[in-house]
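J.: structure, please.
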Amino acid sequence: MDQVQRTLKQSLPTASPDSKKVSSGEYLHQSVVPTMHYQKSLPRLPVPKLEDTIRRYLAAQRPLLDDDQFRKTEKNAEDFLNGVGRELHQELVAQDQNNKHTSYISGPWFDMYLSARDSVVLNFNPFMTFSPDPKKEYNDQLIRATNMVCSAGRFMKTLRAGLLEPEVFHLNPAKSDTDRFKKFIRWVPSSLSWYGAYMVNAYPLDMSQYFRLFNSTRIPRRGRDELFTDEKERHVLVMRKGNMYVFDVVDRDGNLVKPAEIQSHLKYILSDPTPAPAFPLGVLTSENRDVWADLRDKVVAAGNAEDLQIVDSALFCLCLDEDSMRDHIHMSHNMLHGDGCNRWFDKSFSIIITKDGQAAINFEHSWGDGVAVLRFQNEVFKDTTEQPLVHPDSTAAAVDSASAVRRLQFKLDNELENGIMKAKENFDLAVSKLTVDAMEFRKGGKEGLKKCKLSPDAVAQLAFQMGFLRLYGQTVATYESCSTAAFKHGRTETIRPATIHTQRCSHALVQQPGQHSVEQLKAMLNECSGYHGQLTKEAAMGQGFDRHLFALRYLASSKGQSLHNLYTDPAYAAINHNILSTSTLTSPAVSLGGFAPVVPDGFGVGYGVHDNWIGCNVSSYPARNVREFLQCVHKSLEDIFTVLEGKPLS
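T.: Sure thing, here's the model as predicted:
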């Protein structure tokens, strides 16, 4: 849910009429440029200069520390820069030069995710809700589920055939997002193609994560999990009332199963009278990873190896829920965690569809980031709303779904039943502590802010700083996710939105509103916006400090070195204890996104700045008050827009 996506231009070429493949419904489109055309020539993620990293680190620490703490942190940082840090940096650069096929962050980042022992639920898996289908009658659970399974199958086939339009960030779409340019670039050798795109201000993005979208699962192992992918399998996993079903969506010849047959199979599952299992296996995927790894070995030993393999190798998971959604809050809880029984949280992604046809994606985070999942979601939304394959008056095919659909039945002993009961207790306790609330600010948005030459994202982030200051009287560590997918095997970098500029501006607007003229306040807003824009640009270009310091620490640990004072300094722990964890997303396909806080005393802030309004979907645990925080953010936005209108604050 990252920076590059914000203005991501997605334009799909229409299929040529003589293209039998495309018109047969097997593919979403037939890209002129092969899907992985740019992959070979993508630039490598730069390792920043150590001096730059230390300078950026200290600048980010300044608003969080008092003078004495800062002097200590500055001394530690300079000592690191002139000593062990320089040696580690040189070693990291040498390692990077010897591994030109990847990025310096890729291995350590996979390791960080896969070695984490916390439950993936609340700690890692986010959700993104699909916008409703504009045609209301298509939001029926069966119709929408059928169309989404069909479109997901078409996406998978388009991707694997190399016909999916490559992911490109267009800064000048009039030049680069044209048939003429695409016909030219397809003949440029792969090893040079990126440079051809760069000449017209287009930035192809890394697509190395896409192969893990389908047939993939995170497998729990003691100490460190592993990622499993089996592209040969053709079935989808469907969950309803905690029961698990499978059926093929691709036939033996590699063609998609007819939409009317998929509809028939899903209808059969939705009308299956089998009661919910007393011990739903899916809840184990919400456990601590070591606990789940031990229980999984026992599931295999009890004679379920083959059925587990079927779950792990399924194209993806479709969760058909029994509830209708009351409101956004109910929907956030349902899509983020649900009741834990009708989910397999380890699948690369699950499409969840509720009784009233609300749909969302919940995805496991170790294999990839928001860029790949958002692309999938955008394509599926576009395909299901513009070219649905089944309709409210469609009749399901008269096929024998009873033999095509198989319900998985797991053999469980007492130990496993106890393990499932314990997992459910742990799950219920964890999710009972989570509060989610939402806010819509309707007095302005992107359009008004751009007229004032302000970055919409900078203003949203300033409002979070002001809101936190108003409620808790302090400036705290803040994380904003930014994609580095413009580089080969890039992942994410951190933007640090809490700056000396936002601190100064927040204090002026919140604590001393009468002491500054409107012009002085506007100047401060401009300063915040300019600096935030610079941080955003640096992060997207791989020039943050977080990943570099992380990689140096990882290198020291892997060599068994004791950590330098820079890392043991309480200030380092504090800046990595992200009380405000934020991520933004705007796409016509997505109506809502969210995640849990990353620390017990934090907020998980999903937000979107739209043309004329600003929305936030925020989560917290009992240590924080999410409703009061949102009221303070709303008041902060009102104050900012009042100043922009040239009015003094009362």
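J.: top helix in the protein by residue count?
T.: helix 518-540 (DSSP state H).
J.: which residues touch the following helix or strand past that one?
T.: Scanning forward in sequence from helix 518-540, with DSSP states H and E defining helices and strands, the next element found is helix 546-558. Residues outside helix 546-558 that contact it (CB atoms under 8 Å, 6 or more residues apart in numbering): 47-48, 50, 53, 57, 84-85, 88-89, 91-92, 95, 104-105, 108-109, 111-112, 484, 491-494, 496, 563-564, 566-567. Where you see a C-beta, it was placed from the backbone N, CA and C, and this is true even at glycine.
J.: for helix 546-558, buried residues please.
T.: 546-556 (16 or more other CB atoms under 10 Å).
J.: returning to what we had before: figure out how far the longest helix of the chain is from the centre of its chain.
T.: Averaging C-alpha positions (CA atoms, centre = their mean, to the nearest Å) puts helix 518-540 26 Å from its chain's average.
J.: next: stretch 489-501.
T.: The gap between the average C-alpha position of stretch 489-501 and the chain average comes to 16 Å, counting by CA atoms, centre = their mean.
J.: if we can go back for a sec, helices - which of the contacts of helix 546-558 land there?
T.: Secondary structure from DSSP H places 50, 53, 57, 84-85, 88-89, 91-92, 95, 108-109, 111-112, 566-567 of the contacts of helix 546-558 in helices.
J.: just the buried ones out of those residues, please.
T.: 50, 53, 57, 84-85, 88-89, 92, 108-109, 566-567.
J.: hmm, back to that, and the buried residues of helix 546-558 as TSV, adding pLDDT and distance to D323?
T.: Conversion of the buried residues of helix 546-558 to TSV gives the following (pLDDT from 0 to 100; distance: CB to CB, whole Å):
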residue	pLDDT	distance to D323
D546	97	39
R547	97	40
H548	98	45
L549	98	44
F550	97	40
A551	97	44
L552	97	47
R553	97	44
Y554	96	42
L555	96	48
A556	96	49
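J.: what residue ranges in the protein score low on pLDDT?
T.: Within the chain, the stretches with pLDDT under 70 are 1-24.
J.: and it, what are its domains?
T.: According to the TED database, the chain comprises the domains 128-162+210-432, 168-204, 435-545+559-645.
J.: measure the last one end to end?
T.: End-to-end distance for domain 435-545+559-645, by CA to CA, to the nearest Å: 35 Å.
J.: with the longest one instead?
T.: Domain 128-162+210-432 stretches 21 Å from its first residue to its last (CA to CA).
J.: quick one: the residue nearest to the spatial centre of the chain from K136, how far?
T.: Per CA atoms, centre = their mean, the C-alpha nearest to the average position across the chain is that of G370, at 3.4 Å. Between G370 and K136 the distance, using CB to CB, to the nearest Å, works out to 29 Å.
J.: leaving out sequence neighbours, find the closest residue to A77.
T.: Residue nearest to A77 in three dimensions, not counting chain neighbours: I54, with 5.0 Å by CB to CB, 6 or more residues apart in numbering.
J.: follow-up on the earlier one: could the domains of the chain go into a markdown table alongside distance to P34?
T.: Output for these, formatted as a markdown table (distance: least, CB to CB, whole Å):
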| stretch | distance to P34 |
| --- | --- |
| domain 128-162+210-432 | 5 |
| domain 168-204 | 7 |
| domain 435-545+559-645 | 17 |
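J.: for the ones you listed, which one sits closest to S41?
T.: Comparing the domains of the chain by their distance to S41 (CB to CB), the top pick is domain 168-204, with 3.8 Å.
J.: buried set for that closest one?
T.: By 16+ other CB under 10 Å, the buried positions in domain 168-204 come out as 168-170, 176-177, 181-182, 185, 188, 193-194, 196-197, 200, 202-204.
J.: equivalent analysis for stretch 532-547, please.
T.: 532, 535-536, 538-547.
J.: how long is it end to end?
T.: For stretch 532-547, the first and last residues are 18 Å from each other (CA to CA).
J.: quick one: distance of it to the chain centre.
T.: 18 Å.
J.: these two touch, right, K40 and V188?
T.: No. Counting by CB atoms under 8 Å, no contact exists between K40 and V188, whose distance comes to 11.3 Å.
J.: residue most distant from the centroid, this structure?
T.: No residue in the chain has its C-alpha farther from the mean C-alpha position than Q515, which lies at 41.6 Å (CA atoms, centre = their mean).
J.: right, and the residue nearest to the centre of the chain touches R491 too?
T.: No. With contacts defined as CB under 8 Å, G370 does not count as touching R491, sitting 10.8 Å away.
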